[in-house]
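Novice: how does the following fold in three dimensions:
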Amino acid sequence: MKTAPRRVFIGSLATESNTFSPLRTDLQDFKDSFYASPGQHPVTPTLCSAIFPVARACAEEFNWQLIEGTATWAEPGGILNQQTWEFLRDQLLREVTDAMPLDAVLLGLHGAMVAQDCLDCEGELLELVRQIVGPRVVIGITFDPHSHLSERRVKNVDIITVFKEFPHTDFVATAEQLAGIANRTINLEIKPEISVFDCRMIELLPTSREPMRSFVDRLRELEKNEEALSISVIHGFMAGDVPDLGTKVLVVTDNASANGDALAQRLGEELYSFRGKTRPEFLSPVEALKRATKIANGPVVIADVWDNPGGGVPGDSTILLRSMIERELQNSALASIWDPIAVRTCISAGEGAKLFLRFGGKMSSAGGEPIDAEVIVHKTQYAAIQSFGDSIVPLGASVWIEVSGIDVILNTVRSQVFNPDIFSNFGIDPKEKSILVVKSTNHFQGAFSHIASEILYVAIDGPYPNDPVTNDYKNLKRAIWPRVENPHDVVS
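Specialist: Numbering: from 1, shown residues only. Predicted coordinates:
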């Protein structure tokens, strides 16, 4: 006889907070990026809400009765205002309360949200969820690796799975792993226990290159060989000034915490040995453009790594574009510069219009001066999009302009660049360009690597705090590398 279905609540509340950013984040930012009321989540996943389509797909097999809460995501930005945080937090808590009794709560979170009066938003949320559901209900979460893993979070959940890849191409697989472990836990087949090792470092850890590529492959093999239910790396988010900033290894075992502790330490010590060896070569704008123009076969992709809206900065720097204009580059394209005022002006002018336009360089003195130039408006869109894996990323009202022979995308909803279709959706063929400039640190890598003859990385200091040694952290008290040369020898 079939047993009564297990009642499983799913919800998602996520953003990434750059505490140094000149921006601030409020409810409208969530609504502009992604906001789905209960029962309204689309069939396509978003980065932090993949648990919705995944849970729907396995509900019949697992004998789950799903109760869907709100799912919302704001493009990374500045500190979340307190009113917005309390509204979204309390909304999700009410939904959990109304859904009781429950067998499990599964949440898609980011893990780097900071509000005006709360340094550990996810920790606060999970503690309150635990108070509502009690000790027996299974709580499982997914995290982005660019997050902060506090003890408060670990002690209030049963399962944590984290995207292994950077770029985050495995966010659906991570939700699938969470669902599978949660189902076995609900049915009392396993008893998850979480082990954490603090690597005491902060570094850029792209998994598209060595040594991280082989390291992540090995984590998957360990899982496959049942060394653990799940193994994850919290990379940390250096733009978030919080006490728990830094890299950590997280291992989930089946009632084997001692084994998990040992495995987390072994992997964490290996990861610590990679410090200073994981970043790609960073070039100046002049160096990158000189090198790109000497490459005969295009397109050469140039990443403006620190003016990356995915790291919470505005994405309106003009420094690299100005260098392109000064070098009189042709057959080049750049995506994108965030400037809602300039977009509105171009839409008013209409497609085919020529006008003098001031754009970019509005939010920070580190982003360069605005560009004043005659432009041609080639294409306008009121709801532009790009792809990221199976998800659709909004750009809002956007325009394709030409300035000094260079094609530039201006947008109103901030987003880093993920896919060449940010160009092709406007009618620009990215494969025909000699140079493509994208504002992204590494998430562009997966899709652009298929068309790029070479990928170059440009590092321009700006509103993203990219040097942990000099970043003005106020809340980070632990000794971590590179701020401390041998942090494991220091007693905090």
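
Novice: so for V491, what's the pLDDT?
Specialist: For V491, the pLDDT comes out at 62.

Novice: using CSV, write out every CA atom in the helix or strand encompassing V377.
Specialist: Per DSSP states H and E: V377 is located in strand 371-388. The C-alpha coordinates for strand 371-388 follow below in CSV (Å, rounded to 0.1, in the frame of the first residue of the first chain):
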residue,chain,number,x,y,z
ILE,A,371,31.9,59.0,-22.9
ASP,A,372,30.6,61.9,-25.0
ALA,A,373,30.3,61.0,-28.7
GLU,A,374,28.1,60.8,-31.7
VAL,A,375,26.4,57.4,-31.8
ILE,A,376,24.2,55.5,-34.2
VAL,A,377,21.2,53.7,-32.7
HIS,A,378,21.1,50.3,-34.5
LYS,A,379,18.6,48.3,-32.5
THR,A,380,16.3,48.9,-29.5
GLN,A,381,14.6,46.2,-27.3
TYR,A,382,12.3,46.7,-24.4
ALA,A,383,13.0,43.3,-22.9
ALA,A,384,16.4,42.1,-24.0
ILE,A,385,17.7,38.7,-22.7
GLN,A,386,20.7,36.4,-22.8
SER,A,387,21.1,32.8,-21.9
PHE,A,388,23.0,31.1,-19.1
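
Novice: tell me the helix or strand right after that strand.
Specialist: Strand 371-388 is succeeded, C-terminally, by strand 391-403 (DSSP H and E).

Novice: that following strand - which strands sit beside it in the sheet, and in what orientation?
Specialist: Applying DSSP bridges, strand 391-403 is found paired with strand 371-388 (antiparallel), strand 406-411 (antiparallel).

Novice: so which bits of the longest one are buried?
Specialist: Neighbour-count burial for strand 371-388, with 16 or more other Cβ atoms under 10 Å as criterion, is recorded at 371, 375-381, 384-388. Where C-beta positions appear, they are placed from N, C-alpha and C, glycine not excepted.

Novice: likewise for stretch 467-478?
Specialist: For stretch 467-478, by 16+ other Cβ under 10 Å, it's 468, 471, 473, 476.

Novice: P192 pairs with what?
Specialist: D254.

Novice: so how far is S49 from it?
Specialist: 22 Å (Cβ to Cβ, to the nearest Å).

Novice: neighbour count: these two, which is higher?
Specialist: S49 (30 against 24; other Cβ atoms under 10 Å).

Novice: tell me the contacts of the more buried one?
Specialist: 12, 14, 34, 36, 41, 71, 73, 108 (Cβ atoms under 8 Å, 6 or more residues apart in numbering).

Novice: what is the nearest of those to D429?
Specialist: F34 (28.8 Å; Cβ to Cβ).

Novice: can you list the low-confidence ranges for the stretch 251-400 of the chain?
Specialist: Applying pLDDT under 70 to the stretch 251-400 of the chain picks out no residues at all.

Novice: now do the helices in it.
Specialist: 257-272, 285-293, 319-326, 340-349 (DSSP state H, counting those that start in this stretch).

Novice: picking that back up, now the strands paired with strand 391-403 as TSV including distance to C121?
Specialist: Formatted as TSV, the strands paired with strand 391-403 follow (distance: least, Cβ to Cβ, whole Å):
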stretch	distance to C121
strand 371-388	24
strand 406-411	27
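
Novice: quick one: closest of these to G427.
Specialist: So among those, strand 371-388 is nearest, using Cβ to Cβ, at 5.9 Å.

Novice: I appreciate the help and will end here.
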